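**Student:** Sequence unavailable; structure follows:
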């Protein structure tokens, strides 16, 4: 489970990037956060990952205070960014081996890597290719394979479907649903309303660091999510 309690981030220049955010993402839930660029979505993810110091409030992963036990909290988190960082001269197998060992998983064999790469839809002839020649969709699939092999109970995703073609995007969403059905908590920041509304159990709108709207799938029945987003983004504070 992911939880924030009055989570706040103010930068040195005075900008309030996240403003007293209170949120829970339960096991077996996909939560999608929408917001314009600069709304605070990525900053929230960076706070949950421990990449940024918290100004005020608390961020918890499986009940672990990230600020107090940053290394322990990372054992329970996997992260897939919009631009997955890979070692370009490594193959898919070599990248998986490296990142799994970094996560403390040293008992995995090539057969385990092949199984997961197939499950994320990466074509077999790419397993031994250097990843510097990968398309964005292939990189995203390999990033998700790394997250799957870490097998953390909580997944953070920052614009993971950006730039994916329709087929790759749908395959990616199918994998997220599978992970949710395994009981994982999934927090995804996105601009992709069309894809996200297909899988989200809850959605939130973030504006100027504040969570201004939070609704469940049932509450969104019959709503036009795009129109709702525009309404909230256009409203004056």
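**Tutor:** Noted; the coordinates are in hand. Since this is a predicted model, take the numbers as computed values, not measurements.

**Student:** Next up, the contacts around residue 149.
**Tutor:** When contacts are counted by CB atoms under 8 Å, 6 or more residues apart in numbering, residue 149 is found next to 96, 99-100, 103, 105, 108, 112-113, 116. C-beta here means a position set from N, CA and C on the backbone, and glycine is covered the same way.

**Student:** what kind of secondary structure is it in?
**Tutor:** Three-state call for residue 149 (DSSP: H, G, I helix; E, B strand; the rest coil): helix.

**Student:** Next one: it from residue 17, what distance?
**Tutor:** 32 Å (CB to CB, to the nearest Å).

**Student:** Let's see if you can find the most crowded of the contacts of residue 149.
**Tutor:** When neighbours are counted by other CB atoms under 10 Å, residue 96 leads these with 26 neighbours.

**Student:** tell me the phi and psi of the closest residue to residue 216 other than its chain neighbours?
**Tutor:** Closest residue to residue 216 apart from its sequence neighbours, by CB to CB, 6 or more residues apart in numbering: residue 202 at 5.2 Å. Main-chain torsions, residue 202, degrees, to the nearest 10: phi -140, psi 150.

**Student:** Just give me the neighbour total for residue 202.
**Tutor:** The tally of other residues near residue 202 (other CB under 10 Å) stands at 20.

**Student:** Just the pLDDT for it.
**Tutor:** Looking at residue 202, its pLDDT stands at 97.

**Student:** name the element the spatially most central residue of the chain belongs to?
**Tutor:** For the chain, residue 157 is the residue whose C-alpha lies nearest the centre (CA atoms, centre = their mean; 1.3 Å). For residue 157, the host element (DSSP states H and E) is strand 154-158.

**Student:** gap between that strand and the chain center?
**Tutor:** Here strand 154-158 is found 2 Å from its chain centre; the criterion is CA atoms, centre = their mean, to the nearest Å.

**Student:** which helices and strands sit right next to that strand?
**Tutor:** Identification of packing neighbours for strand 154-158 by 3 or more CB pairs under 8 Å, 6 or more residues apart in numbering; DSSP states H and E yields helix 41-48, strand 77-80, helix 166-181, strand 185-189.

**Student:** same thing but 7 Å
**Tutor:** helix 41-48, strand 77-80, strand 185-189 (3 or more CB pairs under 7 Å, 6 or more residues apart in numbering; DSSP states H and E).
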